[in-house]
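Enquirer: Okay, predicted coordinates and the sequence, questions at the end:
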Amino acid sequence: MSFTELHRALGVAPGPLTDELLNDAVNAGALETDGLDWKAELPPAKDLRQTDFPKDVAAMANSGGGLIVYGVHEHQKAAIERIDVGELEEGHERSLRSAAITAITPPVFGLNVHRVGPEGRRAVIIEVPASVDGPHLIFRNDYFAAPVRNDADTVWMKERQIETMYRARFEERRHATEVLNTMFSEAAAGRNTDTRSWLIAVAHPRIPRFRERLTRDAARKVLSKAEELALVYAGRGGIHPLGSVDRLNPRPGLRRWVAPNTATSESAMWKEAWASLHDDGSVTLAAAVGAHRQQEGYFEGWQVESSAIECAIADFMALLRTAADTTGNDEYDVRVGIVWTGGNPLTILTRDNHGFTYDGVSTPLHHYTPIEMAVIANEPGLDYFWHVRDLAQDCVNQGGISNVLMICPPDRDDDQE
């Protein structure tokens, strides 16, 4: 569900971008705005970088996002009729997405491409997300410029406008860091980090899109779906934190739902975990990863199996993806760290060729540096999987471990979920 310039033009509630919605907008003579641009023909796939497409996308991103609609004739800024743009082939769509990344600096990620209408009035709607990375620049030969929408026109920013946008970008990054700091501190608060190591993972959408409160039923669905998706990423052979939280009965919190720990018995407390899903699409996961049970007894609090880290990362990234799908968010800021305040240095353990726990290549850590990255949550399933794997590898590499053990390429694309 989304609220776009087409919905705004017609004064209707948020919903999908459909052929009927576009038809109503054209019949109503909807006017072009900062966030709506009518185009008659699709740009050609060949030499796309040399067309106006990068400029149009950059201008829309610099103006807060919006829609570029191909397949509509306009007169004096008003839509007057639908025309057929033909079939948008998969290769052509890839070229459009690629141009938004390679022909614009910083790149514009997360384009949504919608095909609407039957043969005879086929249209393509490019949904350009709002961006906090402006100004987005395009380069022509040795020159660069920053386009921006001015009502129905695309114009070039003046120096003062560019300066203001850079200042806004730096301020936004400072704010994003503060948000992650707060979320990380809240997720880590109250954990017994002097007796066992805890993995703390938090994610916040760069531009939150969801403006309503999540229902308990929606939170249940996100948590249950995330548990299933995590098994696609890391399989069933390890300890998954989402298996230790109450997914079916989350509790209300401050603009969030909290899935409390269910591993409360004395024999199960070693796999304690907590998760939360915020109304704006943010997610957190806190999982005990030290002092796990082994064949005889328990590891020490500073000893962390790499498989425990991998399963926690798989669960966290699955939770992020399903939350993003529910709340309509795309790009997230992510921070993952391991918190240990005991006396011994943190040690990440792996397994040898015979499957036995091994610390011969481990690097003792007196401080674990939190890992930060940006994630596009609505990427194709396989592309997103590699983000999951890369994040897990960064987490174990810091402790001297070269390879991940649990996270293997899935047999299917999770987009069919």
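Expert: Great, that's in hand.

Enquirer: Just the buried residues of whatever helix or strand Glu163 lives in, please?
Expert: Here Glu163, judged by DSSP states H and E, is contained in helix 159-188. Neighbour-count burial for helix 159-188 flags 161-162, 165, 169, 172, 176, 179-180, 183-184, 187-188 (criterion: 16 or more other Cβ atoms under 10 Å). Using the backbone N, CA and C atoms, a C-beta is placed for each residue, glycine as well.

Enquirer: Pull the distance from the helix or strand following that helix to the chain's centre.
Expert: Using DSSP H and E, the helix or strand that follows helix 159-188 in sequence is strand 198-205. On the basis of Cα atoms, centre = their mean, to the nearest Å, strand 198-205 sits 13 Å off its chain's mean C-alpha point.

Enquirer: quick one: strands adjacent to strand 198-205?
Expert: With DSSP bridges as the test, strand 198-205 is paired with strand 283-288 (antiparallel), strand 331-339 (antiparallel).

Enquirer: Find the one among these with the highest mean neighbour count.
Expert: strand 283-288 (a mean of 28; mean count of other Cβ atoms under 10 Å).

Enquirer: hmm, back to that, kindly indicate which of the buried residues of helix 159-188 lies nearest Asn141.
Expert: Of all those, Asn141 sits closest to Ile162, with 19.4 Å by Cβ to Cβ.

Enquirer: Can you give me the separation between the closest one and Arg174?
Expert: Noted for Ile162: a distance of 19 Å to Arg174, by Cβ to Cβ, to the nearest Å.

Enquirer: And this protein, split by domain according to the record?
Expert: 5-157, 171-416 (automatic domain parsing).

Enquirer: Give the rounded mean pLDDT of the first one.
Expert: For domain 5-157, the mean per-residue pLDDT is 92.

Enquirer: gap between it and the chain center?
Expert: For domain 5-157, the separation from the chain centroid amounts to 22 Å (computed by Cα atoms, centre = their mean).

Enquirer: what's the straight distance from one end of it to the other?
Expert: 23 Å (Cα to Cα, to the nearest Å).

Enquirer: Can I get stretch 16-35 in PDB, CA atoms only?
Expert: Only the C-alpha atoms of stretch 16-35 are listed here, as PDB (Å, rounded to 0.1, in the frame of the first residue of the first chain):
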ATOM      1  CA  PRO A  16      -1.600   0.000  -5.300                       C
ATOM      2  CA  LEU A  17      -0.700   1.600  -8.600                       C
ATOM      3  CA  THR A  18      -3.300   0.200 -11.000                       C
ATOM      4  CA  ASP A  19      -4.500   0.700 -14.500                       C
ATOM      5  CA  GLU A  20      -7.800   1.900 -13.200                       C
ATOM      6  CA  LEU A  21      -6.100   4.500 -11.000                       C
ATOM      7  CA  LEU A  22      -4.000   5.800 -13.900                       C
ATOM      8  CA  ASN A  23      -7.100   5.900 -16.200                       C
ATOM      9  CA  ASP A  24      -9.000   7.900 -13.600                       C
ATOM     10  CA  ALA A  25      -6.100  10.400 -13.300                       C
ATOM     11  CA  VAL A  26      -5.900  10.900 -17.100                       C
ATOM     12  CA  ASN A  27      -9.700  11.300 -17.400                       C
ATOM     13  CA  ALA A  28      -9.500  13.900 -14.600                       C
ATOM     14  CA  GLY A  29      -6.800  15.800 -16.500                       C
ATOM     15  CA  ALA A  30      -4.400  15.500 -13.600                       C
ATOM     16  CA  LEU A  31      -1.700  18.200 -13.700                       C
ATOM     17  CA  GLU A  32       2.000  17.600 -13.600                       C
ATOM     18  CA  THR A  33       3.600  18.500 -10.200                       C
ATOM     19  CA  ASP A  34       6.900  18.300  -8.500                       C
ATOM     20  CA  GLY A  35       6.200  14.600  -7.900                       C
END
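
Enquirer: What residues of that stretch count as buried?
Expert: Neighbour-count burial for stretch 16-35 flags 17, 19, 21-22, 25-26, 30-35 (criterion: 16+ other Cβ under 10 Å).

Enquirer: Output those in TSV; the columns should cover distance to Ile126.
Expert: Formatted as TSV, the buried residues of stretch 16-35 follow (distance: Cβ to Cβ, whole Å):
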residue	distance to Ile126
Leu17	10
Asp19	16
Leu21	15
Leu22	13
Ala25	15
Val26	17
Ala30	16
Leu31	19
Glu32	14
Thr33	15
Asp34	15
Gly35	12
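
Enquirer: Which of these sits closest to Ala146?
Expert: So of those, ranked by how close each gets to Ala146 (Cβ to Cβ), first place is Asp34, at 15.0 Å.

Enquirer: which residues sit in contact with Met183?
Expert: Met183 is in contact with 202, 204, 282, 284, 335, counting by Cβ atoms under 8 Å, 6 or more residues apart in numbering.

Enquirer: Gly91: which of those residues is nearest?
Expert: Gly91 has its nearest neighbour among those in His204, at 34.8 Å by Cβ to Cβ.

Enquirer: Tell me, what's the model's pLDDT at His354?
Expert: pLDDT, His354: 66.

Enquirer: How about the one 4 residues further on?
Expert: Here the pLDDT value assigned to Tyr358 is 76.

Enquirer: Over to the one 4 residues further on?
Expert: According to the model's per-residue confidence, Ser362 sits at a pLDDT of 87.

Enquirer: Tell me which residues of stretch 119-133 come out buried.
Expert: For stretch 119-133, burial by neighbour count (16+ other Cβ under 10 Å) applies to 121-131, 133.

Enquirer: ignore the last one, stretch 252-269
Expert: Using 16+ other Cβ under 10 Å as the test for burial, stretch 252-269 gives 256-259, 261-263.

Enquirer: Take those and keep only those in strands.
Expert: Judged by DSSP state E, these include 256-259 as members of strands.

Enquirer: Appreciated, that's everything.
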